[in-house]
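Undergrad: pasted the sequence and its predicted model underneath.
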Amino acid sequence: MSGKDYVEKDYYKVLGVPKDASTAEIKKAYRKLAREFHPDANKGNPEAEERFKEISEANDVLSDPKRRKDYDEARALFANGGFRTGAGGNGGFGFDLGDLFNGGQQGGTFGGGGSGGGGLGDVFGGIFNRGGGTRSAQPRRGADVESEVTLSFVEAVEGTTVPLRMTSQAACKTCSGTGAKAGTTPRVCPTCVGTGHVQRGQGGFALSEPCRDCKGRGLIVDDPCEVCHGSGRATSARTMQVRIPAGVSNDQRIRLKGKGAQGERGGNPGDLYVTVHVQDHPVFGRKGDNLTVTVPVSFPEAALGGVIRVPTLGGPPVTLKMPPGTANGRTMRARGKGAVRKDGTRGDLLVTVEVEVPPETEGEALTALEQYREATAEHDPRAALFKAAEEA
């Protein structure tokens, strides 16, 4: 992509977010659009595939704070024609903005000798992969890739390895990234002589801009590859085994460094971000590193106390001693029976007691309950409630 195309593209519009959108808003918008236009969900639809490329490209820039800053600054600099300062009236007051961008390298109008660095060259070097217009294209890091996986409750607690199909941009395998049809090779662009940039007069200034004939590549493809249409990049699908660590929680986002899209011109690959969705368990719940379970007990067990057996996740049951007078809803703790922590230790199993009331009572049980009611007739369990209401 040429630098001109770069700054003219509105990546915020592509993702449908405002220019002051937060990183979280950008990620949310990208995930929604990526799911909608993913090639796997739109097979045989070239328009959806092209839209997916645009969405991935926009996310690649806006999700990276540095690249987003460079992009915003470049668009602001070139807004309304860029450096149109009207200095041409002085006659002979021309200078090459490439010198200015490079911080006053030797031969620049404002620099004299010396070879300083920095300045605006750092900004444009990061955006257009160049400094002043004569440098060769620099390596570019591959795009980050987003994916999702759904795990069972047990898999999330214990950890697992899952196959993950990933679709991303990579060098076209048909043409090996050259963009040219098999048996042919690109030729050096005669306009920019392979630099990818040309000098254009702007009043009294000489502005370096990406070559329009080769679109900044420095090469002309006369017979383009039928797969990538001369771009040198194509959509690549591969299946990889991804290790999900033990103790992962629902909607957690895992970063796998270097597992994203391949870089360009020898650049490092991007990262793979996997969002994990965890299915519910019919018995156990989760609270941080602790597991939760609700255990029904009878009224005599709660009133008189006793020992109860409690199931654990993937292990043998444990026994807990329940003290006399245990109230409904009380939580007890079975240590070391919870989810796996990052350091390899386990959280606890939180056991909540639920006193079970039988739907029907008859025979000796009914007689015993009636005797119990008569024996406790003087005790009003709601007395404290009414007293608190009166004092409030």
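TA: Looks like it arrived, so ask away.
Undergrad: tell me, what residue is most central in this structure?
TA: Y273 (5.0 Å; C-alpha atoms, centre = their mean).
Undergrad: so what secondary structure elements neighbour the helix or strand it falls within?
TA: Per DSSP states H and E, Y273 falls inside strand 272-278. The contact analysis (3 or more C-beta pairs under 8 Å, 6 or more residues apart in numbering; DSSP states H and E) places strand 272-278 against strand 145-151, helix 153-158, strand 233-244, strand 252-256. For every residue, glycine as well, the C-beta is placed using N, CA and C.
Undergrad: the ones you listed: which one's closest to K53?
TA: strand 233-244 (7.5 Å; C-beta to C-beta).
Undergrad: quick revisit: of the helices and strands packed on strand 272-278, which shows the lowest average pLDDT?
TA: Ranked by mean pLDDT, those end with strand 233-244 in last place, scoring a mean of 79.
Undergrad: paired strands for it, with orientation please.
TA: In the sheet, strand 233-244 lines up against strand 160-171 (antiparallel) (DSSP bridges).
Undergrad: by how many degrees do the strand it pairs with and strand 272-278 diverge?
TA: 150 degrees (axes from the mean of the first three to the mean of the last three C-alpha atoms, to 10 degrees).
Undergrad: ok, then the element right after strand 160-171?
TA: Downstream of strand 160-171 (by DSSP H and E), the next one is strand 187-188.
Undergrad: now do the contacts for the residue nearest to the centre of the chain.
TA: 144-147, 253-256 (C-beta atoms under 8 Å, 6 or more residues apart in numbering).
Undergrad: a markdown table for the residues you listed, including distance to R165 and neighbour count?
TA: Listed next are the contacts of Y273 as a markdown table, based on distance: C-beta to C-beta, whole Å; neighbours: other C-beta atoms under 10 Å:
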| residue | distance to R165 | neighbour count |
| --- | --- | --- |
| D144 | 17 | 21 |
| V145 | 11 | 23 |
| E146 | 13 | 23 |
| S147 | 8 | 22 |
| R253 | 18 | 12 |
| I254 | 16 | 16 |
| R255 | 19 | 11 |
| L256 | 14 | 16 |
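Undergrad: for those residues, give me a markdown table that also has distance to T184.
TA: Shown next, in a markdown table, are the contacts of Y273 (distance: C-beta to C-beta, whole Å):
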| residue | distance to T184 |
| --- | --- |
| D144 | 33 |
| V145 | 31 |
| E146 | 36 |
| S147 | 36 |
| R253 | 44 |
| I254 | 43 |
| R255 | 40 |
| L256 | 37 |
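Undergrad: quick revisit: of the helices and strands packed on strand 272-278, which is nearest C175?
TA: strand 233-244 (8.7 Å).
Undergrad: tell me the angle of that closest one relative to strand 145-151?
TA: 40 degrees.
Undergrad: alpha carbons of strand 233-244, in CSV - could you do that?
TA: Only the C-alpha atoms of strand 233-244 are listed here, as CSV (Å, rounded to 0.1, in the frame of the first residue of the first chain):
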residue,chain,number,x,y,z
ARG,A,233,-0.3,-11.1,-0.2
ALA,A,234,-3.1,-13.7,0.1
THR,A,235,-5.4,-15.1,2.7
SER,A,236,-3.8,-18.1,4.4
ALA,A,237,-5.7,-20.7,6.5
ARG,A,238,-3.9,-23.1,8.9
THR,A,239,-4.8,-25.3,11.8
MET,A,240,-2.6,-25.1,14.9
GLN,A,241,-2.6,-26.8,18.3
VAL,A,242,-3.1,-24.2,21.0
ARG,A,243,-2.5,-24.9,24.7
ILE,A,244,-5.1,-23.3,27.0
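Undergrad: could you check how far it is from the centre of its chain?
TA: 16 Å (C-alpha atoms, centre = their mean, to the nearest Å).
Undergrad: what does stretch 20-32 give?
TA: 9 Å.
Undergrad: which residues touch that stretch?
TA: 12, 15-17, 55, 58-59, 62-63, 65, 146, 275.
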